[in-house]
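K.L.:
Dropping the sequence and predicted coords here.
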Amino acid sequence: MTKWYGSVENRLMENRNLDAELKEGMDITEYLWSDRICYYITKVNSQKDIMVKRYYVCADHEKEGGMGHQNWLYFKTQKEENEYLKKYFPDHQYNDTEEKDEENWVYRYNHWYIKSVNEYTGKINYYRKNGISFGVRNYYYDWEF
């Protein structure tokens, strides 16, 4: 039996569509302790080797906001997010040059891992991803945690 931790809702929602055919542009949700993070596939090397990027997520300023809201907008680049935010906060300084790095995810030993190569030694490291779902984009911020 698996040990349960964090949000029960996250534990019930994770690990969906793990056998789906992976395609470029497909959304991914990673379920953390109580929050959720969203990614999208940028390239499919094989069904066990994909490249992903994390979405830029911000509050939807056209909907009800405030603490506790879950009205989010998703952007694939920092520039897109900044263009949206400039409409509501024109005096703020924005940096369009800081893009999130693409990650290489590989499926090994019945789990997904981030594959990372150490630039100094050339050694390959693997960091396990817990609780993901393919074809789901469901960002969540736990305001109480």
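P.N.:
Arrived safely. Residues are numbered from 1 along each chain as shown.

K.L.:
Just say helix, strand or coil for the residue nearest the centre of the chain.
P.N.:
The residue lying closest to the centre of the chain (C-alpha atoms, centre = their mean) is C38, at 2.6 Å. Judged by DSSP: H, G, I helix; E, B strand; the rest coil, the three-state class of C38 is strand.

K.L.:
So N10 lies in a helix, does it not?
P.N.:
Yes - under three-state DSSP, N10 sits within a helix.

K.L.:
Spit out the contact partners of it.
P.N.:
Contacts of N10 were listed using C-beta atoms under 8 Å, 6 or more residues apart in numbering, and they are 31-34, 36, 131, 140. To be clear about C-beta, it is placed using only N, CA and C from the backbone, and glycine gets the same treatment.

K.L.:
same thing but at 7 Å, please
P.N.:
Taking C-beta atoms under 7 Å, 6 or more residues apart in numbering as the criterion, N10 is in contact with 31, 34, 36, 131.

K.L.:
and what of I50?
P.N.:
Residues near I50 by C-beta under 7 Å, 6+ apart: 22, 41, 43-44, 105.

K.L.:
do the same with K63
P.N.:
With C-beta under 7 Å, 6+ apart, K63 has these contacts: N71.

K.L.:
That one: what secondary structure?
P.N.:
The three-state label given to K63 by three-state DSSP is coil.

K.L.:
From E80, how far out is it?
P.N.:
K63 is 18 Å from E80, where distance means C-beta to C-beta, to the nearest Å.

K.L.:
With E99 instead?
P.N.:
Per C-beta to C-beta, E99 is found 11 Å from E80.

K.L.:
Kindly export stretch 33-44 (C-alpha atoms) in PDB.
P.N.:
Output of stretch 33-44 as PDB, limited to C-alpha atoms (Å, rounded to 0.1, in the frame of the first residue of the first chain):
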ATOM      1  CA  TRP A  33       1.900  18.100  -1.200                       C
ATOM      2  CA  SER A  34      -1.100  20.300  -1.600                       C
ATOM      3  CA  ASP A  35      -0.300  22.400  -4.700                       C
ATOM      4  CA  ARG A  36      -0.300  21.500  -8.400                       C
ATOM      5  CA  ILE A  37       2.100  22.600 -11.100                       C
ATOM      6  CA  CYS A  38       1.400  22.400 -14.800                       C
ATOM      7  CA  TYR A  39       3.700  21.600 -17.800                       C
ATOM      8  CA  TYR A  40       3.300  20.900 -21.500                       C
ATOM      9  CA  ILE A  41       5.200  18.600 -23.800                       C
ATOM     10  CA  THR A  42       7.500  20.400 -26.300                       C
ATOM     11  CA  LYS A  43       8.900  17.300 -28.000                       C
ATOM     12  CA  VAL A  44       8.300  13.500 -27.900                       C
END
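
K.L.:
Right, I'll leave it there.
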